[in-house]
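**Q** Turn this into a structure:
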Amino acid sequence: MTSSEELKELLARKELFIFDLDGTMFNSLGDLAPAVNYALKQFGIQEISMENVRSCIGNGSRNLIKRSVASGIMFGAGKTAGEPDISKSPADHLDVRDKEAVNAILEGAGFDEAKIDEVLKVYSAYYWDHCTIDTEPYEGVLEFIDWICGQGKRAAMLTNKPVAPAKKILEKFGLIGNGDSAQGITADKIVTYLCGDTTPERKPGPGGIYAILEKLGVAPEKAIMIGDDTPDVMAAKNAGIDSIICLEGFGRPENLLPLEPRYTIRHIKDLLKLV
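**A** Predicted coordinates for the structure are as follows:
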């Protein structure tokens with residue numbers, strides 16, 4: 001973990017804080033898991049546990065659905081899926097972050113991209129209607145954003161999540177207004193936001209960060225990305241800005257630490273203690 005002294009100095013010199021949403025600002029698992037299982041059930045796929053859904057989160061909704069469908073297929077066959085399990089052979093356990101293994105399971109079960117589109121559509125419709133029931137901000141997040149605003153600094157949000165549920169969540173917790181924000185521009189606590197279907201490039205690409213920096217007129221050295229998973233680390237690296245990575249979000253520390261993020265914390269509550 002990064003020392004308190006180093007983090008204090010970092011917070012003092014940054015002007016723009018770009019937050020990821022799922023796993024960083026909000027624990028959305030309580031709404032994501034029911035939506036995933038609703039979709040799986042509609043297609044005759046075995047439902048998976050909340051913890052299994054958690055292991056499938058990352059890199060956007062489409063990847064969530066692909067990993068979840070493959071997991072459900074494995075569970076339906078009496079096998080397992082989720083985090084890596086070295087005690088089991090690849091034939092008996094699916095590592096959901098193994099893209100080739102996930103695709104092989106889907107192909108074998110007849111789930112081509114068109115079929116995944118169908119599952120994703122069902123999932124999205126259900127989730128967008130239920131995305132604020134059990135989603136809550138992580139401890140210290142709202143207070144830390146208040147500190148940012150009170151210091152004359154700015155907060156933004158960049159997520160691979162679609163704009164419809166992301167906007168609904170931000171509105172519920174008073175981070176943006178419910179007026180005209182078609183371009184993601186508001187006069188509220190989150191001054192601009194880009195989502196998976198509105199950003200010029202999804203994370204880990206740097207395009208979303210570039211767009212935010214240009215829109216707000218902020219130099220890269222004055223901005224920092226705060227996230228919890230590999231797309232956040234790599235988007236920041238690719239854009240040439242610093243990042244703070246939360247190791248108790250949805251990402252796996254064993255995947256994050258080899259990427260050598262310069263600044264690491266348990267979660268945002270660690271930052272709130274410093275301000």
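
**Q** ok, for Leu272, nearest residue in space, not its chain neighbours?
**A** Excluding the flanking residues, the one nearest Leu272 by C-beta to C-beta, 6 or more residues apart in numbering is Gly140, at 3.8 Å. C-beta coordinates here come from the backbone N, C-alpha and C atoms, glycine included.

**Q** ok so Ile226 is a strand residue?
**A** Yes - according to DSSP: H, G, I helix; E, B strand; the rest coil, Ile226 belongs to a strand.

**Q** now it: how far from Arg266?
**A** Applying C-beta to C-beta, to the nearest Å, the value for Ile226 to Arg266 is 13 Å.

**Q** Comparing the two, which shows the higher neighbour count?
**A** Set Ile226 next to Arg266 and count neighbours by other C-beta atoms under 10 Å: Ile226 wins out with 27 against 11.

**Q** what residues are up against that one?
**A** Ile226 makes contact with 17-20, 24, 232, 243-246, 268, according to C-beta atoms under 8 Å, 6 or more residues apart in numbering.

**Q** related to what we said a few turns ago, common neighbours of Ile226 and Arg266, please.
**A** With C-beta under 8 Å, 6+ apart as the test, Ile226 and Arg266 both reach Cys246.

**Q** on contacts alone, who are the packing partners of the host helix or strand of Asp270?
**A** Element membership for Asp270 (DSSP states H and E) is helix 269-272. Judged by 3 or more C-beta pairs under 8 Å, 6 or more residues apart in numbering; DSSP states H and E, the packing partners of helix 269-272 are helix 4-13, helix 141-150.

**Q** gap between the lengthiest helix in the chain and the chain center?
**A** Using DSSP state H to define each element, the chain has its longest helix at helix 113-130. With C-alpha atoms, centre = their mean, to the nearest Å as the basis, helix 113-130 stands 18 Å off its chain's centre.

**Q** and if you look at stretch 79-87?
**A** Worked out by C-alpha atoms, centre = their mean, stretch 79-87 lies 22 Å from the chain centre.

**Q** Could the C-alpha coordinates of it be exported in CSV?
**A** The C-alpha coordinates for stretch 79-87 follow below in CSV (Å, rounded to 0.1, in the frame of the first residue of the first chain):
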residue,chain,number,x,y,z
LYS,A,79,-18.3,-28.4,-12.9
THR,A,80,-17.2,-25.1,-11.5
ALA,A,81,-16.2,-21.6,-12.6
GLY,A,82,-14.9,-18.4,-11.2
GLU,A,83,-11.5,-17.5,-9.8
PRO,A,84,-8.5,-19.8,-10.8
ASP,A,85,-8.4,-23.1,-8.9
ILE,A,86,-5.1,-24.9,-9.3
SER,A,87,-6.6,-28.0,-7.6
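
**Q** Next, the buried residues of it.
**A** The neighbour-count criterion (16 or more other C-beta atoms under 10 Å) identifies 79, 81-82, 84 as the buried residues of stretch 79-87.

**Q** Run through who's touching that stretch.
**A** Taking contacts as C-beta under 8 Å, 6+ apart, the residues outside stretch 79-87 that touch it are 48, 51-52, 55, 70-71, 74-75, 88, 91-96, 252.

**Q** Same question for stretch 259-266.
**A** For stretch 259-266, contacts defined as C-beta under 8 Å, 6+ apart pick out 1-2, 6-7, 10, 230, 233-234, 237, 242-248, 256-257, 271.

**Q** buried subset of the residues you listed?
**A** Neighbour counting by 16+ other C-beta under 10 Å classes 7, 10, 230, 233-234, 237, 242-247, 256, 271 among these as buried.

**Q** Next step: those residues restricted to strands.
**A** 242-246 (DSSP state E).

**Q** can these go into TSV with extra columns for pLDDT?
**A** Formatted as TSV, these follow (pLDDT from 0 to 100):
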residue	pLDDT
Asp242	98
Ser243	98
Ile244	98
Ile245	98
Cys246	98
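
**Q** picking up where we left off before, kindly reformat the buried residues of stretch 79-87 as TSV containing pLDDT and distance to Leu158.
**A** Shown next, in TSV, are the buried residues of stretch 79-87 (pLDDT from 0 to 100; distance: C-beta to C-beta, whole Å):
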residue	pLDDT	distance to Leu158
Lys79	97	36
Ala81	97	29
Gly82	94	27
Pro84	89	28
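
**Q** Let me see the contact set for the nearest residue to Lys172 once chain neighbours are set aside.
**A** Among residues not flanking Lys172 along the chain, Thr132 sits closest, at 4.8 Å (C-beta to C-beta, 6+ apart). Taking C-beta under 8 Å, 6+ apart, we find Thr132 in contact with 31, 168-169, 172.
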